[in-house]
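>>> Have a look; sequence and predicted model below, questions after that.
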Amino acid sequence: MKTIIATLCLTITSLFIQAQTGTDITVTVPVNSDKGNIVIGLYDEATFMKAPPIKGIEAEIIDGKATATFKNIPEGTYAVSLFHDKNLNKRLDFEPNGMPAEPYGVSNNVMSMGPPQWSDAKFEVGAEPLRLEIRM
């Protein structure tokens with residue numbers, strides 16, 4: 001009896017785990033240098049520009065381009081923010097006047113004066129895989 005119950009629980013659990021899979025978001029970044037890495041963060045509205053990303057990836061720069069994929073992302077609204085970590089310290093460096101010292105970019109390639117806004121950077125994730133190219 002215990003074996004039957006355990007098998008049933010495992011079967012139901014595996015079906016539940018498979019049902020939670022999402023789609024992939026592939027981010028490509030053209031870069032003028034092969035020095036350093038690109039640090040990419042995936043955000044929801046609650047975390048954008050306020051907290052660590054819900055998922056983060058570092059992408060190696062190869063031949064002037066970095067590519068990374070966020071796997072199994074549930075449907076919803078997200079934004080991507082990234083920067084070129086030239087000195088590999090895993091953080092965006094700033095000048096004494098508060099301006100970023102390393103190139104950065106956000107989804108939808110919105111570059112405005114001041115910090116990026118959620119309303120400009122957000123995009124929808126559905127069932128189909130997404131490909132984003134973000135310029136810095």
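That came through, no problem.
>>> quick one: the helices in the protein?
Remark: helices of the chain, listed N- to C-terminal, are 2-19, 118-121; assignment by DSSP state H.
>>> what's in contact with the last one?
Residues lying outside helix 118-121 but in contact with it, judged by C-beta atoms under 8 Å, 6 or more residues apart in numbering, are 45, 48-49, 79-81, 106-108, 110, 112. C-betas here are computed from N, CA, C, even on glycine.
>>> Report the contact partners of residue 91.
Under the criterion of C-beta under 8 Å, 6+ apart, the neighbours of residue 91 are residue 85.
>>> swap the cut-off to 7 Å and go again
Neighbour list for residue 91: empty [criterion: C-beta atoms under 7 Å, 6 or more residues apart in numbering].
>>> Low-confidence regions, the chain specifically.
Scanning the chain for pLDDT under 70 picks out 1-20.
>>> where exactly do the strands run in this protein?
Counting by DSSP state E, the chain forms strands over residues 23-30, 37-43, 55-62, 65-73, 76-85, 104-106, 123-125, 130-133, given from the N-terminal end onward.
>>> Of all those, which one comes closest to residue 92?
Evaluated with C-beta to C-beta, the strands of the chain place strand 76-85 nearest to residue 92, the distance being 4.6 Å.
>>> Can you list the buried residues in that closest one?
Taking 16 or more other C-beta atoms under 10 Å as the neighbour-count basis, strand 76-85 is seen to contain the buried residues 78-85.
>>> Out of those, flag the one nearest to residue 98.
Of all these, the one with the least separation from residue 98 (C-beta to C-beta) is residue 83, at 15.1 Å.
>>> What residues are bridge-paired with that closest one?
In this structure, residue 83 has the following beta-bridge partners (DSSP bridges): residue 39, residue 104.
>>> Now do the contacts for it.
For residue 83, counting by C-beta under 7 Å, 6+ apart, the contacting residues are 39, 92, 102-104.
>>> just to revisit the earlier point, any idea which of the buried residues of strand 76-85 is closest to residue 35?
Within the buried residues of strand 76-85, proximity to residue 35 (C-beta to C-beta) peaks at residue 84, which comes in at 8.6 Å.
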